[in-house]
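Novice: Sequence and predicted structure are below.
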Amino acid sequence: MLIRSIRRLLKLAVLVLVFVVGMTVVAIGVALIALPGPAFIVIPAGLAILGTEFLWARRLLKKMRDSAKIVVGLNKDEPRWARRLLEKVWDSAKTLVGMNKDERRS
């Protein structure tokens, strides 16, 4: 019983920690929209952090990624270098938050 309570408390602590860190990174990214900085990298990184625990963040991150592909026009007709660049930015953001390719969630 005590072990179960400790596990619940630890899970809640991790959830709160992920939420606070993720929202802080997203808030910094939103501030970087007006300030000079890489908001287009920081906001997805914050959502990726939140996505480790929250389904809504994973869905929002997927929508942002799909929208970025449309805006950039990444399809089969576009140059390979542009597709590779977006993939590298995406992989770098995932590496920053500790997600690897096998942990990608839809």
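Specialist: Nice, I can see it.

Novice: ok, S92 - how many residues close by?
Specialist: By the criterion of other C-beta atoms under 10 Å, S92 has 12 neighbours. For glycine as for every other residue, the C-beta is placed from the backbone atoms N, C-alpha and C.

Novice: now the helices for this structure?
Specialist: Counting by DSSP state H, the chain has helices at residues 2-34, 39-51, 55-72, 80-97.

Novice: residues of the longest one that come out buried?
Specialist: Neighbour-count burial for helix 2-34, with 16 or more other C-beta atoms under 10 Å as criterion, is recorded at V18, G22, V25, V26, I28, G29, L32.

Novice: same deal with the third one?
Specialist: In terms of neighbour count (16+ other C-beta under 10 Å), helix 55-72 has its buried residues at A57, R58, L60, L61.

Novice: What about the closest residue in space to the first one that isn't next to it in sequence, how many residues nearby?
Specialist: Okay, so that is A57. With sequence-adjacent residues excluded and distances taken as C-beta to C-beta, 6 or more residues apart in numbering, A57 is closest to L50, at 3.5 Å. Neighbours of L50 under the rule other C-beta under 10 Å: 23.

Novice: swap in the one 3 residues further on?
Specialist: Counted with other C-beta under 10 Å, the neighbours of E53 add up to 16.

Novice: Enumerate every residue touching it.
Specialist: Shown in contact with E53 (C-beta atoms under 8 Å, 6 or more residues apart in numbering): V14, L15, V18, F19.

Novice: Name all residues that make contact with the second one.
Specialist: Translated: L15. Per C-beta under 8 Å, 6+ apart, neighbours of L15: E53.

Novice: follow-up on the earlier one: return the distance of the residue nearest to A57 relative to W56.
Specialist: From L50 across to W56, the span is 8 Å (C-beta to C-beta, to the nearest Å).

Novice: what do you get for I70?
Specialist: Distance from I70 to W56, by C-beta to C-beta: 21 Å.

Novice: picking that back up, between the contacts of E53, which is nearest K88?
Specialist: V18 (25.2 Å; C-beta to C-beta).
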